[in-house]
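Chemist: no letters, just coordinates:
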């Protein structure tokens with residue numbers, strides 16, 4: 001999409017993200033999973049922290065949370081919410097601007113790994129995360145499972161996302177399976193006559209492809225479930241939560 005960069009999604013969705021995507025992730029289950037992986041008072045890094053939808057509850061549970069996001073608009077929402085300053089925000093790219101570790105666990109939730117728009121960037125993300133995990137630390141990736149029945153060629157779609165008496169939101173998208181890319185716009189019309197464009201773009205990967213990226217970065221798949229609560233992952237699962245581990249240090253003597 002011409003003109004799209006790493007800030008476009010956050011800047012386009014910051015004002016509606018918490019309303020539109022309140023139910024995409026089980027917050028309580030996410031907090032419980034991260035607590036179990038990082039341990040009480042563990043140090044957690046969240047990639048694409050956004051408005052703090054997950055970071056704030058994790059911090060409230062006692063975790064020390066650092067959040068990275070490239071969108072100033074998203075981080076402004078986090079700042080307004082985090083009056084006590086319990087989350088450490090970093091404005092930057094989730095490949096090139098990650099803070100120094102070590103972290104007990106790293107979380108990239110709800111397809112955020114796919115916001116990196118080429119395979120090389122995704123591979124580098126795994127490598128940078130691995131460098132910042134303590135031995136035995138966990139990288140938690142939550143993402144959808146690509147539909148293997150997609151057409152071979154590019155497709156487009158226009159549909160209604162939401163409709164009410166004073167507004168309508170249309171979804172316009174293009175999908176290119178050969179490039180593993182999808183992009184689109186949510187076009188919002190309001191009764192007052194305003195039009196707002198909310199662009200998005202992703203480069204998706206299969207669980208097997210993510211596993212290969214992890215292996216190349218020195219991480220191994222420790223567990224895969226169908227959601228954050230631990231629902232079994234099956235051939236029919238629409239999403240997955242994959243936990244990759246960095247090898248524990250070996251002590252000699």
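Modeler: That came through fine. Keep in mind the model is a prediction, meaning the values are calculated, not measured.
Chemist: which strands and helices sit next to the longest strand along the chain?
Modeler: With DSSP state E applied, the strand covering the greatest number of residues in the chain is identified as strand 133-144. Based on contacts counted as 3 or more CB pairs under 8 Å, 6 or more residues apart in numbering; DSSP states H and E, the elements that strand 133-144 packs against are helix 27-38, strand 103-108, helix 119-132, helix 207-216, strand 219-225, strand 239-246. For every residue, glycine as well, the C-beta is placed using N, CA and C.
Chemist: of those, which approaches residue 15 most closely?
Modeler: With distances scored as CB to CB, the stretch of the helices and strands packed on strand 133-144 nearest to residue 15 is helix 27-38 (20.1 Å).
Chemist: what residues sit buried inside that closest one?
Modeler: Within helix 27-38, the residues that count as buried by 16 or more other CB atoms under 10 Å are 27, 30, 31, 33, 34, 35, 37, 38.
Chemist: for that helix, which outside residues touch it?
Modeler: Contacts with helix 27-38, where a contact means CB atoms under 8 Å, 6 or more residues apart in numbering, come from 42, 44, 53-54, 57-58, 61-63, 103-105, 107, 109, 138, 140, 227-230, 241, 243.
Chemist: the inter-axis angle of that helix versus strand 133-144?
Modeler: Calculated by axes from the mean of the first three to the mean of the last three CA atoms, to 10 degrees, helix 27-38 forms an angle of 150 degrees with strand 133-144.
Chemist: quick check: what element follows helix 27-38 along the chain?
Modeler: Later in the chain than helix 27-38, the nearest helix or strand by DSSP states H and E is strand 43-47.
Chemist: what mean pLDDT does that next one have?
Modeler: In this model, strand 43-47 carries a mean pLDDT of 98.
Chemist: quick one: low-confidence residue ranges for the stretch 51-200 of the chain.
Modeler: Per-residue confidence of the stretch 51-200 of the chain (counting by pLDDT under 70) places the weak regions at 149-150.
Chemist: residue ranges of the strands in it, please?
Modeler: Listed in chain order, the strands found in the stretch 51-200 of the chain under DSSP state E, counting those that start in this stretch are 64-69, 87-91, 103-108, 133-144, 155-163, 167-176, 181-190, 195-203.
Chemist: including distance to residue 216 and mean neighbour count, could those go into TSV?
Modeler: Shown next, in TSV, are these (distance: least, CB to CB, whole Å; neighbours: other CB atoms under 10 Å):
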stretch	distance to residue 216	mean neighbour count
strand 64-69	22	25
strand 87-91	25	18
strand 103-108	17	26
strand 133-144	13	21
strand 155-163	31	11
strand 167-176	25	16
strand 181-190	22	17
strand 195-203	17	17
